[in-house]
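Student: here is my input; please provide its structure:
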Amino acid sequence: MLHLFKLQLVIPDCSVVFLPSLKEALFQAYRRLEAGAADFVQDCASLRSSSSSSVPMRVLARNQAATILHGWVVEDRVVPVVCAALCRVESAELAAAPLARTLNGMGRALDSTGTTKEEMASFHEQIVRRTENGKAMLKLLQATDLASRTESLALLRRVYPQTSKVLGRHLLSDPQSIAALMQILQEAGGSSWADAPEEAALCAECVHFLRLVTAEDGDVRMIIIFQDGAEALLAIATQALSAASGSSGSDAASAFLGLAGDACVCVQQLVGQGPVAQKYMREAGHLATVTRTLRCVFAALALQAPGSCSAWTTGLQAAATVLLDLTGKEGKEMERGSGVT
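Tutor: Numbers count the residues shown, from 1 in each chain. This is a model prediction of the structure:
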């Protein structure tokens with residue numbers, strides 16, 4: 001039996017464990033975590049050839065009350081231990097999902113406990129600083145299973161806004177990071193993910209993260225363009241719009257429309273890189289994909305109530321304007337027929 005199972009930090013029900021104070025609860029839970037984390041690192045090394053595909057470190061985040069997790073973060077207790085494990089564990093397959101899920105769980109605890117902006121920013125900065133300025137987060141991008149990739153991208157999306165410059169220098173400048181990110185994007189662009197919840201969740205996290213990155217990082221924009229990332233994003237937008245039109249529930253439709261809007265905004269930001277990017281898209285034959293996406297965009301916009309304006313609607317309209325410029329005469333004819341201004 002793995003020592004890792006000691007990590008269950010048995011405080012899931014405060015009615016069972018009678019502790020005199022929250023401070024003592026924090027201290028005892030942390031000591032269990034710290035003792036178990038060293039065993040976790042050692043056990044992962046011995047499991048590299050094992051058939052086991054998951055390690056139940058998820059209990060660290062799931063079995064604790066939000067106030068406990070909040071205390072862990074504010075007191076700078078758990079983050080160093082979890083980040084140290086990420087830096088030391090060689091196998092991304094074993095480590096990525098549990099470690100990312102633990103950090104995401106702490107982030108959600110901060111979200112729900114009235115955390116100040118300063119505390120939240122400190123949490124994000126801690127994660128990046130303690131993972132070798134983001135270098136160790138390459139392991140998150142290199143995870144192989146859907147759940148690990150989704151959890152990892154969710155963590156990167158959480159920390160990126162406050163740490164974009166550091167991650168740009170130390171993580172996204174690494175060709176391996178971009179290759180892993182592009183693999184996720186290309187697989188999503190070439191698959192029928194809309195009917196598979198796990199694949200849809202991964203696709204959404206990838207697009208949401210790329211929307212942040214393509215708004216900030218010109219080097220990444222150029223790489224994505226010349227690796228046909230714009231075509232993959234357009235394919236994702238087209239599928240999301242089709243799924244939204246065929247969805248019976250309003251929540252599902254809104255999620256698909258939001259994903260389509262983010263994908264189109266990504267393309268808008270890529271095209272906005274300049275004439276070189278636009279020329280490449282024309283010469284690479286991406287106009288057929290642009291045209292298909294535009295038809296779906298116009299159909300979705302036509303379904304909106306007159307005068308309504310949501311975030312995704314604005315994104316679609318802005319992207320449509322840019323994409324119409326790419327399509328030349330045909331695009332202008334589509335624009336006149338659609339009523340987009």
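Student: please count neighbours and contacts with C-alpha atoms only from this point.
Tutor: Will do.
Student: who are the packing partners of the helix or strand hosting V290?
Tutor: Following DSSP states H and E, one finds V290 within helix 287-302. Under the contact definition 3 or more Cα pairs under 8 Å, 6 or more residues apart in numbering; DSSP states H and E, helix 287-302 sits against helix 229-245, helix 311-338.
Student: lowest mean pLDDT across those, which one is that?
Tutor: Ranked by mean pLDDT, the helices and strands packed on helix 287-302 bottom out at helix 311-338, with a mean of 59.
Student: pLDDT of the helix holding V290, averaged?
Tutor: 76.
Student: and that helix with helix 229-245, angle?
Tutor: With axes from the mean of the first three to the mean of the last three Cα atoms, to 10 degrees as the basis, helix 287-302 and helix 229-245 are set at 30 degrees to each other.
Student: restrict helix 287-302 to CA atoms and write it as PDB.
Tutor: Only the C-alpha atoms of helix 287-302 are listed here, as PDB (Å, rounded to 0.1, in the frame of the first residue of the first chain):
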ATOM      1  CA  LEU A 287     -10.400  31.000 -46.000                       C
ATOM      2  CA  ALA A 288     -12.700  28.000 -46.500                       C
ATOM      3  CA  THR A 289     -12.700  27.500 -42.700                       C
ATOM      4  CA  VAL A 290     -13.100  31.200 -42.200                       C
ATOM      5  CA  THR A 291     -16.200  31.200 -44.500                       C
ATOM      6  CA  ARG A 292     -17.800  28.200 -42.700                       C
ATOM      7  CA  THR A 293     -17.300  29.800 -39.400                       C
ATOM      8  CA  LEU A 294     -18.700  33.100 -40.500                       C
ATOM      9  CA  ARG A 295     -21.900  31.400 -41.700                       C
ATOM     10  CA  CYS A 296     -22.300  29.900 -38.300                       C
ATOM     11  CA  VAL A 297     -21.500  33.200 -36.600                       C
ATOM     12  CA  PHE A 298     -24.100  35.000 -38.600                       C
ATOM     13  CA  ALA A 299     -26.700  32.300 -37.900                       C
ATOM     14  CA  ALA A 300     -26.000  32.600 -34.200                       C
ATOM     15  CA  LEU A 301     -26.200  36.400 -34.200                       C
ATOM     16  CA  ALA A 302     -29.500  36.200 -36.100                       C
END
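Student: may I see the buried residues of it?
Tutor: L287, T289, V290, T291, T293, L294, R295, C296, V297, F298, A300, L301 (16 or more other Cα atoms under 10 Å).
Student: before we move on, what about stretch 155-165?
Tutor: L155, L156, R157, V159, Y160, P161, T163, S164.
Student: from those, which land in helices?
Tutor: L155, L156, R157, V159, Y160, P161, T163, S164 (DSSP state H).
Student: strands of the stretch 51-200 of the chain, start to end?
Tutor: Counting by DSSP state E, counting those that start in this stretch, the stretch 51-200 of the chain has no strands at all.
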